[in-house]
Every structure is written in C-alpha cells, then in structure tokens.
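Visitor: Output the structure for:
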Amino acid sequence: MRVMLKATLDTDKANEVLRTGKMQDLLGETLEHIKPEAAYFGPEGGRRTCFLVFDMKDSSDLPPVGEPFFSHLNAEVEIFPIMNLDDLKKGLSQLR
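Guide: Take a look at the predicted model:
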C-alpha cells in the first residue's frame, strides 16, 4: 500500500544530530531502507519536517520505518495511506 510518512523533528534533538555531523548518514541509511518513491524536506509549522512516499508491503514494516525518526530525532511521526491519480481513478471506477 502506498503511504506517506510525515516526520516532524524535535528542534533540539535535530540540532544535536546536525552538530555531530550524523544527520546526513542517519537520513541516508533511513532512506536506503525505506526506498521512497518521493522524499521532500522543509519547514512545516516552524519545525524541520520530511515527507516520504513509499510502498508499505506489510504492517510489520511500521516499526523499522518509524523507529529511526523516534529514537534518533525524537520526531512526531504520522503514516497514512495515500493514492496517486491512477489509484484514485481505479478506486472511483469501482463505485459504479
């Protein structure tokens, strides 16, 4: 299932990880594991935030996907199902 992960990083913890030079490695390892089809980074609500779109094959994938954000960045993490336009068209066609 295509999902979007939104991780809103704790400012103090993210500052600490940036100061130690570990942010690039942490994000690189996490993205290599998740293999998102899209990844976006920017401020949201005044905090560093990332948005990742990826295929979650099984609900058991949730812990290894979210845990790096929780344990290393003290992030608030949300994961929710999403659709692209083709998915929406397919779903709407089933309503008839």
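Visitor: just the strands in this protein please.
Guide: Using DSSP state E, the strands found in the chain span residues 2-8, 38-44, 47-55, 76-81.
Visitor: Which one of those strands lies nearest to Leu88?
Guide: Minimum separation from Leu88 across the strands of the chain (CB to CB) falls at strand 2-8, 11.1 Å. Backbone N, C-alpha and C define where each C-beta goes, glycine included.
Visitor: Quick one: residues in contact with that closest one.
Guide: Counting contacts by CB atoms under 8 Å, 6 or more residues apart in numbering, the residues outside strand 2-8 that touch it are 34, 37, 44-45, 47-56, 65-66, 69, 73, 75-84, 87.
Visitor: nearest residue to Lys57 other than its sequence neighbours?
Guide: What sits nearest to Lys57 in space, not counting adjacent residues and going by CB to CB, 6 or more residues apart in numbering, is Met1, at 8.0 Å.
Visitor: right, and that neighbour touches Asp55 too?
Guide: Yes. Counting by CB atoms under 8 Å, Met1 touches Asp55, with 7.0 Å between them.
Visitor: hmm, back to that, next, count neighbours for the residue nearest to Lys57.
Guide: By the other CB atoms under 10 Å criterion, the neighbourhood of Met1 contains 12 residues.
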